[in-house]
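1. Mind folding the following:
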Amino acid sequence: MNMLTHQPRNKQQGLTLIEILVAMAISLLLLAGVIQILASSKASYRINEAQSRLQENGRFALQMMTADIRAAGFWGCLGNNITQISNNLNNPLGNGVNPALGGIAGTEGSAADSITLQGVIGNGFPVNAYAGNTITTIANNGLAQDDFFLVGDCTRADLLQITNADPDSGTVTFDTGAGTPGNATGPTDAYSTNAMLYRVGSVTYTIANGNSGQPGLFRSVNGGAPMELVEGVENLQILYGEDTDSDGATNSYGAADAVNMNSVVSVRINLVLRSLSDNVATTAGPVDRRLRRTFSSTIVLRNRVP
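-> As a prediction, the model looks like this:
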């Protein structure tokens, strides 16, 4: 009997060149898809991060400016009656605090505007004792040496600078010949215990380049060195709402050099912010392809309206 002999199948010993090429092509397609997904995810992350940063920075900038603008021109119980304030400081027009400005002033710039806001800060402190160049008010009042302050009643007031402060006793001294700018003279009159003492502040907002090279919103206090508040603010445009018929309402808006600042009752600010990273925007736009957004707000000057 013949036996049928079963020959084993030959095992595959390798891949043909065509099979290798096909496998490589498929792998490259899959790899390209993965890379595309990663690139899209990274681009989406950068866009979302830039948008969130713009939103956060814009809101913070508006919040800071709004608070200062609303409080501008408040001089205690004198309200905005600046004619009854005696400025006793050296260099009264250049020390950063000047009630003669009426609480608000602005400049027009080719790249960006600036705005200066002045007035008293907080509710003030009662005058408990007044002797010579010393006033005693409540203890732990937070007043410090070199602070500007207003002391007065509802009929008159004096602007001075503290040359020495004792927080424990609540006593402040305002000698002449000390401090920067310092006091040129003493108060015009000795005030009774019916008077109040207020800390006075002046803030100026401008646009400049920060240490990182990015443009930003800067805030200067009492004429001091500007400090950067928000990065990426590349433009600030300000319009002033003028009340031309003395009814407390805005009749028209104009630039700082085109309005009577004493008649301004509102301020309209426009901030242009850009993303800190370039090559973020996917649509046609500026060469740097940064995201940009404009933030606007109109603020009423509370101390100038009925």
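
2. low-scoring stretches of the stretch 51-200 of the chain, by residue?
-> Residues of the stretch 51-200 of the chain meeting the criterion pLDDT under 70: 94.

3. residue ranges for the strands of the stretch 51-200 of the chain, please.
-> Along the stretch 51-200 of the chain, counting by DSSP state E, counting those that start in this stretch, strands occupy 85-87, 104-107, 114-126, 129-131, 134-136, 148-152, 157-161, 164-166, 171-173, 196-209.

4. partners of the fifth one, with directions?
-> The strands that strand 134-136 pairs with in its sheet are strand 129-131 (antiparallel), strand 171-173 (antiparallel) (by DSSP bridges).

5. how about those, which one is nearest residue 217?
-> strand 171-173 (32.7 Å; Cβ to Cβ). The C-beta positions use only the backbone N, C-alpha and C, and glycine is treated the same way.

6. Same question for that closest one: list its buried residues.
-> By 16 or more other Cβ atoms under 10 Å, the buried positions in strand 171-173 come out as 171-172.

7. so what secondary structure elements neighbour the host helix or strand of residue 23?
-> According to DSSP states H and E, residue 23 maps onto helix 17-71. Counting contacts by 3 or more Cβ pairs under 8 Å, 6 or more residues apart in numbering; DSSP states H and E, the secondary-structure elements packed against helix 17-71 are strand 114-126, strand 196-209, strand 227-231, strand 264-274, strand 292-300.

8. Next, the angle from that helix to strand 196-209.
-> Orientation of helix 17-71 against strand 196-209 (axes from the mean of the first three to the mean of the last three Cα atoms, to 10 degrees) gives an angle of 150 degrees.

9. how near is the closest residue to residue 71 other than its chain neighbours to residue 187?
-> Nearest non-adjacent residue to residue 71, counting by Cβ to Cβ, 6 or more residues apart in numbering: residue 119, 5.7 Å away. Here residue 119 is placed at a distance of 20 Å from residue 187 (Cβ to Cβ, to the nearest Å).

10. quick one: which of these two has more around it?
-> residue 119 (24 against 21; other Cβ atoms under 10 Å).

11. who's in contact with that one?
-> 71-75, 103, 200-201, 303 (Cβ atoms under 8 Å, 6 or more residues apart in numbering).

12. Dump these to CSV, plus distance to residue 238 and neighbour count.
-> Shown next, in CSV, are the contacts of residue 119 (distance: Cβ to Cβ, whole Å; neighbours: other Cβ atoms under 10 Å):
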residue, distance to residue 238, neighbour count
71, 17, 20
72, 13, 26
73, 16, 23
74, 20, 21
75, 23, 24
103, 15, 26
200, 23, 21
201, 19, 19
303, 18, 18
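
13. Format those as CSV; extra columns: distance to residue 289.
-> Converted to CSV, the contacts of residue 119 look like this (distance: Cβ to Cβ, whole Å):
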residue, distance to residue 289
71, 39
72, 38
73, 43
74, 45
75, 48
103, 42
200, 46
201, 40
303, 44
